[in-house]
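Asker: I'd like to go over a predicted model; first the sequence, then the structure.
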Amino acid sequence: MSALRPVRGTRDFLADDSRRRRLIEETALAIAAGYGYGEIATPIFEFTEVFARTLGDTSDIVTKEMYTFEDRSGERLTLRPENTAGVVRALLSNGLDQALPLKVFYAGPMFRYERPQKGRLRQFHQVGIEVLGIADALADVEVIAMGFDLLAALGVQGTVIVELNSLGDADSREAYRHVLVDYLSARRERLSADSLNRLERNPLRVLDSKDAGDREVVAAAPALGEFLNAPSRAFFARVCEGLDALAIPYRLAPRLVRGLDYYTHTTFEFVTEALGAQGTVLAGGRYDGLVAQMGGRPTPGIGWAAGVERLMMLLADAPPPRRPVAVIPFAAEQGIAALTIARRLRTAGHVAEVSLAGTVGKGMKWANRIGARAVPRSPSPVRSARG
RNA sequence: GCGGGAGUAGCUCAGUUGGCAGAGCACCGGGUUGUGGUCCCGGGUGUCGCGGGUUCGAAUCCCGUCUCUCGCCCCA
């Protein structure tokens, strides 16, 4: 019994689910292609190092959520928990840093050992984009616009709002981090256990705490925005100006910080109320420090990833399959003829299904059930089956 | 990883103080309808999530466990 059900946190995509997933992936691919992005498919597993080095030794993903194993030759491998590290690794592996900028789209499964919840699976799917080699804020604007275009194309942008913030450049972020740590350390006794832990590992994330006591402390904390240096402010202003010009609505979210260490400057989340606690549907930001951290020449980057299962839940209806023409043999010996007719119909661009077993009466019932548009029969060639 | 809620037929769900496991839909078989949607007849299709315990007797009470789910955490 236990072997006959899916592993915790995994699920099957039946026909309906698969049409939803393909709609999302194909829509995302089409939009990315419209912006001139090519598709990249990196391996589903990489050396553990690829993720451990890039995601930061203190991130939850690295410390407790990775599916890591040793293969038969003793290599330490990890199922990808996200795809940015893989893209950057591919950039370096293939010498693509000689041909910047690189603009890519990807889609595929990711794996994280988390406690499953609606919209949070252990094998889940993402579509995403990355732009490497562009330091200008124009790239940030374009990338956010693409996210907006995707949600609009899926018809769900009405339920989603863009939250936007800037972490500033590395200097600004570092300067603020010191100030924040000092401030929080002086108020340790008022922080939750979770936030004390964050204070050690990733202090900026305390800003995002949902604990009421933490929020009081955070409300009076020095603001990140005030510690941005002049270039960082100018950069963020340019992003906002661009979004305004493109009429992309957003909301400034001064407390929005991302969990992964490599983010700089722009950070954003497309959030919905409709999915409860797992309401972030698409998120990303700029990661100018990442390529260098992986051992390449310093190269700016920005991108986002969207959760396919979460988008699927926002989609009102699964796109219907094309209505078929049902071909029903009049008698057993006409079966081959039915297959032949069906092939001709397909050549002519129809979806055609043959009743492969059973009586004519059963075949007609089947034709109704599958919503057939017409049923070829003799003596007349076709006759409407329903609508 | 932490705290709550829930698991009964393929689906949605009833099941009283512990006393023969049920309904609707779906499905299967047969018939009717000019070879079709309607209709009629017949069929319950089940490890009551799983494993223990209490009891003459457990879907029901107790313990454990698994899964889903809500929140936290984390994040897409």
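Answerer: Sure, I can see it.

Asker: so who does the closest residue to RNA strand B within the stretch 101-250 of chain A touch?
Answerer: For the stretch 101-250 of chain A and RNA strand B, the shortest gap (Cβ to the nearest atom of the strand) falls at residue A:118, measuring 3.1 Å. For every residue, glycine as well, the C-beta is placed using N, CA and C. Taking Cβ atoms under 8 Å, 6 or more residues apart in numbering, we find residue A:118 in contact with A:275, A:276, A:278, A:313.

Asker: near RNA strand B, from the residues you listed?
Answerer: Restricting the contacts of residue A:118 to those near RNA strand B by Cβ under 7 Å from any atom of the strand leaves A:276, A:278.

Asker: And stretch A:6-15, end to end?
Answerer: End-to-end distance of stretch A:6-15 (Cα to Cα, to the nearest Å): 17 Å.

Asker: sorry, that was for stretch A:208-221
Answerer: Stretch A:208-221 end-to-end distance (Cα to Cα) = 12 Å.

Asker: do stretch A:323-331 as well
Answerer: End-to-end distance of stretch A:323-331: 24 Å, with Cα to Cα as the criterion.

Asker: Please apply the same query to stretch A:97-106.
Answerer: In terms of Cα to Cα, the two terminal residues of stretch A:97-106 are separated by 18 Å.

Asker: Give me every residue in the stretch 101-250 of chain A lying close to RNA strand B.
Answerer: Contact residues (Cβ under 7 Å from any atom of the strand) of the stretch 101-250 of chain A with RNA strand B: A:112, A:114-121, A:124, A:126, A:194, A:198, A:205, A:208-211.

Asker: Among the contacts of residue A:118, name the buried ones.
Answerer: By neighbour count, with 16 or more other Cβ atoms under 10 Å, the contacts of residue A:118 hold A:275, A:278, A:313 as buried.

Asker: quick one: contacts for residue A:7?
Answerer: Neighbouring residues of residue A:7 by Cβ under 8 Å, 6+ apart: residue A:122.

Asker: ok so it is a strand residue?
Answerer: No. Per DSSP: H, G, I helix; E, B strand; the rest coil, residue A:7 lies outside any strand segment and is coil.

Asker: do you know how far it is from residue A:117?
Answerer: Distance, residue A:7 to residue A:117, by Cβ to Cβ, to the nearest Å: 16 Å.

Asker: now swap in residue A:147 and tell me
Answerer: Distance from residue A:147 to residue A:117, by Cβ to Cβ: 23 Å.

Asker: neighbour count winner among those two?
Answerer: Using other Cβ atoms under 10 Å, the more surrounded residue of residue A:147 and residue A:117 is residue A:147, with 28 against 11.

Asker: Okay, and that one sits in which element?
Answerer: helix A:137-153 (DSSP states H and E).

Asker: on contacts alone, who are the packing partners of that helix?
Answerer: If contacts are counted by 3 or more Cβ pairs under 8 Å, 6 or more residues apart in numbering; DSSP states H and E, helix A:137-153 sits against helix A:15-34, strand A:123-132, strand A:160-166, helix A:230-245, strand A:264-272, strand A:280-286, strand A:301-307.

Asker: how about those in TSV, adding mean neighbour count, mean pLDDT and distance to residue A:365?
Answerer: Below are the helices and strands packed on helix A:137-153 laid out as TSV (neighbours: other Cβ atoms under 10 Å; pLDDT from 0 to 100; distance: least, Cβ to Cβ, whole Å):
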stretch	mean neighbour count	mean pLDDT	distance to residue A:365
helix A:15-34	17	94	20
strand A:123-132	23	96	37
strand A:160-166	22	94	43
helix A:230-245	16	96	55
strand A:264-272	24	93	42
strand A:280-286	25	94	41
strand A:301-307	24	96	40
